[in-house]
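# Okay, here's the prediction I keep looking at, along with the sequence it came from:
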Amino acid sequence: EFAHHLLPCLELLSITDEAAVRDKAVESLKKVVNEMSYEDATAHFWALIQRLAGREWFTSRIAACDLLPHCVEKLPIDRQAELMSRYVELCEDSVAMVRRSALRALKDLIAVVQPNNIELLLSLFKSCMEGTDLISLRTLAVENSIALGEKCTPQQFHDSVMPVVRSCQQDFSWRVRFTFADNMHTLVGMAEDPDRGELVRMYQEFLGDAEADVRSAAARRLPAVAKAIPDKEWFMTTIKETLDTLVQDSAEHVRVSFAAVLLSLAPLMGQQTTVNEVLPVVLQLMRDEKAEVKLALVGTLSELSTVMGIEMLKQSLIPQIGELIEDKQWRIREAVLQNGPVLARHLGEASFTDDVCPLMLKLCMDTVSDVRLAAAQCLRQLTNILGEPWMEVNVVNHVQEMATNESSYLIRIAALNCILELHDVISENTVVKCFIPLIVNLAKDPVPNVRFNANSVALTLSKKLTESCVQQHLRPVFVELTQDPDVDVKYYAVEALHPGTGVLAPAVV
């Protein structure tokens, strides 16, 4: 009941020239009016807005614009009509900053006014957009178009919103076109025919816009626009030529945006349209000269596997995966590994083992450390999906070959990383049978780094294995490494045997 006593102080702060102070004061006024009773709001807050809107200095009128939507629901119907009149005056203000604030408040005002005021707001919005050449005002057109579109009838949308959209689609400012391209999916979703068809054609023009950033924004919204169209086949037929053009776009970031969302069309379009229209474009992008484009595409391969059958995947996708695994950019190879589990789920054990697994195992010995680590993590995920027996048949021999590789000590360390990733998803018997002998041998490796990593892996495994197994197989490893000539290897071997770690029982070294 005493909230209105705060208004005079906040009113003074809300008309200051300092924007930060003014904005904070306006935010505080919004919170105050929410706590006020209907009677106090009518008596005190509405009078405050009247004073702000009537002052000569423009900063007070800006504050009035921001506050108007927040007092509508607190006012009686007759005062709401007065408020609308005041809002019209602010929209026609001589100062551009005031008009911009009024238009910025429009979307909030639309949400709270009576339905009978929507027609007035539509007419006001249309006249404001047609009568301005200021970019700062036109960039607000899209959010207001969406807010009005949610409240108006299809006929009102056609008569008042569509003319604004048409003018902005041809706007000389790329920022205005950018905001519409980035939000076109929302407009398409709320429109009805024939406006929906016209909006799709506008969207198609955004995809071919002279400004690369506009094309990129439009490309990012491709799945969202497709989802908003009931007739998916018509949509693909309409934009097919534009999609073919995007594949060869001169701007790399446009092709990246396009590649990142292209496969999201697959679940929407279905198998036949995906095979006929989407897949050829995918294959072209996979051969792009820029790594970022291929990387964006590879990260979404799971979308394609949800639609296409095993045989189609084998015929169209597996050869391309083979090329990507050989790609000179290591991030491409890493991205393929990250999609390995998805391929395993959709191809099934037999097809994945025959066609993809040998390719991915090669990456365990890649020249780049991050790729080797990603390969080890991939093996863990594949074992979770395909099972421990599959791992014993298809992975163990490869890890053993890596552990005895003499060409590079890094490959032997990679074998230890594979063991480290796999030990959590397999049984103790398999660890003892398949991997403990490798660790014992690698603990005697001539390269200190290998012995150091063998000690570290053995210590990790000891936390999972039974006490008897640790005493029988791993304690001798630590005991031997305590006599190692390398100080780091020796130090951590002693630490492993120390009773304070809680890993191994006390023993005489």
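That came in fine, so what should we check first?

# When you work out contacts or count neighbours from here on, use the C-alpha atoms and nothing else.
Will do.

# Buried residues, the host helix or strand of residue 496. List them.
If you go by DSSP states H and E, residue 496 is part of helix 487-497. Buried residues in helix 487-497, defined by neighbour count with 16 or more other CA atoms under 10 Å: 489, 490, 492, 493, 494, 496, 497.

# How about stretch 458-476?
Buried-residue list, stretch 458-476, by 16+ other CA under 10 Å: 458, 459, 461, 462, 465, 470, 473, 474, 475.

# The fourth one and residue 468, how far apart?
From residue 462 over to residue 468 the distance is 10 Å, taken as CA to CA, to the nearest Å.

# quick one: contacts of the helix or strand bottoming out on mean pLDDT in the chain?
Lowest on mean pLDDT, DSSP states H and E among the helices and strands of the chain sits helix 310-316, with a mean of 70. Here helix 310-316 makes contact (CA atoms under 8 Å, 6 or more residues apart in numbering) with 305, 346, 347, 355.

# can you pull out the helices in the stretch 1-150 of the chain?
Counting by DSSP state H, counting those that start in this stretch, the stretch 1-150 of the chain has helices at residues 7-13, 19-35, 38-40, 46-54, 58-67, 77-91, 96-104, 106-110, 118-130, 135-138, 141-151.

# coming back round to it: with distance to residue 334 as added columns, please give the contacts of helix 310-316 in TSV.
Below are those laid out as TSV (distance: CA to CA, whole Å):
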residue	distance to residue 334
305	19
346	20
347	20
355	18
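
# Could you look up the SS state of residue 176?
helix (DSSP: H, G, I helix; E, B strand; the rest coil).

# Surely it is in contact with residue 134?
No. Using CA atoms under 8 Å, residue 176 is not in contact with residue 134; the gap is 10.6 Å.

# More neighbours: which of the two?
Using other CA atoms under 10 Å, the more surrounded residue of residue 176 and residue 134 is residue 176, with 22 against 12.

# List the buried residues in stretch 165-173.
So for stretch 165-173, counting by 16+ other CA under 10 Å, buried means 165, 168, 169.

# Need the contact partners of that stretch.
By CA under 8 Å, 6+ apart, stretch 165-173 touches 135, 138, 141, 142, 145, 176, 177, 180, 202, 206.

# Ok, stretch 243-259 next?
Taking CA under 8 Å, 6+ apart as the rule, stretch 243-259 contacts 207, 212-213, 215-217, 219-220, 281-282, 284-285, 290, 292-294, 296-297.

# pLDDT averaged over it - what is it?
Mean pLDDT, stretch 243-259: 91.

# What is the end-to-end distance of that stretch?
11 Å.

# Would you mind listing the buried residues in it?
243, 246, 247, 249, 252, 253, 254, 255, 256, 257, 258, 259.

# just the residues you listed now: which is nearest residue 322?
Closest to residue 322 out of these is residue 259 (19.0 Å), distances taken as CA to CA.

# which element is the spatially closest residue to residue 178 that is not a sequence neighbour on?
Excluding its sequence neighbours, the residue lying closest to residue 178 (CA to CA, 6 or more residues apart in numbering) is residue 214, at 4.8 Å. Using DSSP H and E, the element containing residue 214 is helix 212-220.

# And that helix, what does it pack against?
Secondary-structure packing of helix 212-220 (3 or more CA pairs under 8 Å, 6 or more residues apart in numbering; DSSP states H and E): helix 174-190, helix 195-207, helix 252-262.

# Mind doing that once more with 10 Å?
helix 174-190, helix 195-207, helix 232-247, helix 252-262 (3 or more CA pairs under 10 Å, 6 or more residues apart in numbering; DSSP states H and E).

# what angle do that helix and helix 252-262 make?
Going by axes from the mean of the first three to the mean of the last three CA atoms, to 10 degrees, helix 212-220 is angled at 10 degrees with respect to helix 252-262.

# roughly how far is the helix or strand just after helix 212-220 from the heart of the chain?
Moving toward the C-terminus from helix 212-220, the next helix or strand (DSSP H and E) is helix 222-228. What separates the centre of helix 222-228 from the centre of its chain is 16 Å, taken as CA atoms, centre = their mean, to the nearest Å.

# Could you name the helices and strands sitting against helix 222-228?
Using 3+ CA pairs under 10 Å, 6+ apart: helix 222-228 touches helix 174-190, helix 195-207, helix 232-247, helix 252-262, helix 265-273.

# and if we set it to 6 Å?
Contacts defined by 3 or more CA pairs under 6 Å, 6 or more residues apart in numbering; DSSP states H and E place helix 222-228 against helix 174-190.

# buried residues in the helix it packs on?
For helix 174-190, by 16+ other CA under 10 Å, it's 174-189.

# Where does pLDDT dip in the chain?
1, 131, 309-310, 313, 499-509 (pLDDT under 70).

# which residue is nearest the centroid of it?
Here the mean C-alpha position of the chain is nearest to the C-alpha of residue 260 (CA atoms, centre = their mean), at a distance of 9.9 Å.

# Now do the same contact list for that one.
Residue 260 sits next to 296, 297 when contact means CA atoms under 6 Å, 6 or more residues apart in numbering.

# And for stretch 42-51, what's in contact with it?
64, 75.
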